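Q: Show me how the following folds:
(chains A and B)
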Number of protein chains: 2
Amino acid sequence: MSEIDLLRRIARKARAAGRGLLLGIGDDCAIFRSRGASEDLLFTTDMMLEDVHFRRGTHPPETVGWKALARGLSDIAAMGGQPRFCLLSLAVPRWAGQDWIDAFYKGFLALARKTSTPLVGGDLARAERMSCDVVVCGAVPPGKALRRDGARPGDGIYVTGPLGGAALGLETHSGAAWKKHSKPEPRLDFGLRLRGRATAAIDLSDGLSLDLHRLCLASRCAAVLDGEIPVFPGATLAQALHGGEDYELLFTARTAVKGAIRIGAIKKGRPGLVEFEGKPLEPSGYDHFTRAI
Amino acid sequence: MSEIDLLRRIARKARAAGRGLLLGIGDDCAIFRSRGASEDLLFTTDMMLEDVHFRRGTHPPETVGWKALARGLSDIAAMGGQPRFCLLSLAVPRWAGQDWIDAFYKGFLALARKTSTPLVGGDLARAERMSCDVVVCGAVPPGKALRRDGARPGDGIYVTGPLGGAALGLETHSGAAWKKHSKPEPRLDFGLRLRGRATAAIDLSDGLSLDLHRLCLASRCAAVLDGEIPVFPGATLAQALHGGEDYELLFTARTAVKGAIRIGAIKKGRPGLVEFEGKPLEPSGYDHFTRAI
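A: Numbers count the residues shown, from 1 in each chain, chains lettered A, B, ... in the order given. A predicted model of the protein is given here:
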């Protein structure tokens, strides 16, 4: 069972509805409006697990802390939000001493400060392996959150930067690609600029092929990649199409947005279908549920 | 290093401040007010880790799901909040099949429905061991959240029910005590009644001695347990004093509250000191950071 299948199953069982709840399971963030509030709040939660999302021997602790927060901030960016605060639950492995923990928090808090995302709470435990879960809350003006489900036939498909760099970095452990992999910069500024301009948006956490598939599924439409895919210097086209963790934004819009690169167009067709070079493109990006690094 | 020590260290590094943030690290929940809102939002996050908080052979999956949510709801209760929604990050172990996952969600969603706490999002991954992290958001009228730091000398100390039942249940695996351990009922209704009446409150998740120590530390005062401790039928006094997971509320108030049991009084003294039978009571409750089940 894939993550998409299990999520569908859970969403069906949960049938979430409640006061102030505007959007539940199925997008980058849930959307909630507090009573009387003049803004909508976005909530996202992301785990970072040893031997699943990182390896102790490969990833220095600062990197693990930074990335643990970057993943959620990227979800906030994809919905056009400004970060408000975050929460961190951390299971500290028995192998990690005070130095490791301090370095982890150093990386986490460096990105928190840089993006004005105060850490306001969390949970702590000792465990065999390191795991953490980060919740980020962001805010947007009422009704202005970018969602996955607004793409319409005729919209252009855009990305905010070259792809495949993080996959290359995980392979080579060096240069600009390693930096892209280990200290990704969530595209918060770009997300803000997309409010009112993008018809749909998602962040590229799991690879273009899988994330575009998800956007098309949510919008009940198909896509054709007929523009040139911007490939990170040194990366392969396969890494650009399927590599995860670039944390660029993927969005659709009726007209061009300065600084974004057009890679295709939305069209009518089987929901979720993505065409590339005249053939269906398999959504073979990183499915956290079925694979591990 | 204990959980209390590490939390202090983190709080010092984080120095959280941001728009709308009313209370950061150090209480049962963080408090946040959305722009223009006529209510305060409470946020708490709690992990549930295999072989730390539960064991696969001991705890049926419904129980694990129920308890994963109960822990956060109890924090909301302790601050006088009404639940609004929750998020669930779940790492599914390789040993867990569809039946286990379904039963876990069954338990989780049964408590979610009972307490009107819709599940609105989360994260999924595969991992070696089961772990999950649950965020619960609750709401209170502006400024009405119950905190740990408001107890003053002369206040009475109260609990909302008999103690030690969950510890007994973990030992015997039977009867009412096992139910208390495996399907705790967060004291949400009692929490609502304490608004404007309790001077301070905390939930009894880690044992009376440790949680009262924490309340006294936050309120910078001492306590004397001079009333009769209500012991769960069959449990020992030690279980009532130090056993975790009862999820009753512990609070202080100037006057008696109907249905609550008076067990002592707040007094001047070394912050955090708790006296029992003329001697200091060691805070030997369940510290999730230094111990495991």
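Q: can you give me the strands for the stretch 101-250 of chain A?
A: Listed in chain order, the strands found in the stretch 101-250 of chain A under DSSP state E, counting those that start in this stretch are A:119-127, A:131-140, A:156-159, A:198-203, A:222-225, A:249-253.
Q: The first one packs against which elements?
A: Going back to what we said before, that points to strand A:119-127. With contacts defined as 3 or more CB pairs under 8 Å, 6 or more residues apart in numbering or on different chains; DSSP states H and E, strand A:119-127 has these neighbours: strand A:82-93, helix A:98-114, helix B:3-14, strand B:30-32, strand B:40-49. The C-beta positions use only the backbone N, C-alpha and C, and glycine is treated the same way.
Q: Lowest mean pLDDT across these, which one is that?
A: Here the helices and strands packed on strand A:119-127 differ in mean pLDDT, and the lowest is helix B:3-14 at a mean of 72.
Q: Quick one: distance of it to the chain centre.
A: 19 Å (CA atoms, centre = their mean, to the nearest Å).
Q: about what we covered before: nearest to residue A:133, of the helices and strands packed on strand A:119-127?
A: Across the helices and strands packed on strand A:119-127, the minimum distance to residue A:133, taken as CB to CB, is reached by strand A:82-93, at 4.5 Å.
Q: Relative to the whole chain's centre, how far out is the closest one?
A: Using CA atoms, centre = their mean, the offset of strand A:82-93 from its chain centre is 16 Å.
Q: Listing partners with orientation, what would you give for that strand?
A: According to DSSP bridges, strand A:82-93 has the following sheet partners: strand A:119-127 (parallel), strand A:131-140 (antiparallel).
Q: of all the ones you listed, which gets the most neighbours per residue?
A: Looking across the strands paired with strand A:82-93 with neighbours counted as mean count of other CB atoms under 10 Å in any protein chain shown, the highest average goes to strand A:131-140: a mean of 28.
Q: Just the C-alphas of it, formatted as CSV.
A: The C-alpha trace of strand A:131-140 is given here as CSV (Å, rounded to 0.1, in the frame of the first residue of the first chain):
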residue,chain,number,x,y,z
SER,A,131,13.3,10.5,15.6
CYS,A,132,11.7,13.8,15.6
ASP,A,133,8.4,15.4,14.5
VAL,A,134,8.1,19.1,13.7
VAL,A,135,4.9,21.1,13.5
VAL,A,136,4.9,24.4,11.8
CYS,A,137,2.1,26.9,12.0
GLY,A,138,1.9,29.7,9.4
ALA,A,139,-0.6,32.3,8.5
VAL,A,140,-2.3,33.7,5.3
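Q: does stretch A:71-81 come close to chain B?
A: No. With CB under 8 Å from any CB of the partner chain as the threshold, stretch A:71-81 lies outside contact range of chain B, at a closest distance of 8.9 Å.
Q: how distant is that stretch from the center of its chain?
A: Per CA atoms, centre = their mean, the displacement of stretch A:71-81 from the mean C-alpha position of its chain is 7 Å.
Q: Kindly export that stretch (C-alpha atoms) in CSV.
A: Extracted as CSV, the C-alpha positions of stretch A:71-81 are listed here (Å, rounded to 0.1, in the frame of the first residue of the first chain):
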residue,chain,number,x,y,z
ARG,A,71,10.5,20.4,5.6
GLY,A,72,7.6,22.0,7.4
LEU,A,73,8.5,25.5,6.4
SER,A,74,8.5,24.4,2.8
ASP,A,75,4.9,23.2,3.2
ILE,A,76,4.0,26.7,4.6
ALA,A,77,5.8,28.3,1.6
ALA,A,78,3.8,26.1,-0.8
MET,A,79,0.5,27.5,0.6
GLY,A,80,1.7,31.1,0.5
GLY,A,81,2.0,31.3,4.3
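Q: Give the rounded mean pLDDT of that stretch.
A: Mean per-residue pLDDT for stretch A:71-81: 96.
Q: what's the pLDDT at the nearest residue to residue A:84 once chain neighbours are set aside?
A: Here the nearest residue to residue A:84 in space, its sequence neighbours aside, is residue A:137; by CB to CB, 6 or more residues apart in numbering or on different chains that works out to 4.7 Å. You'll see residue A:137 listed with a pLDDT of 96.
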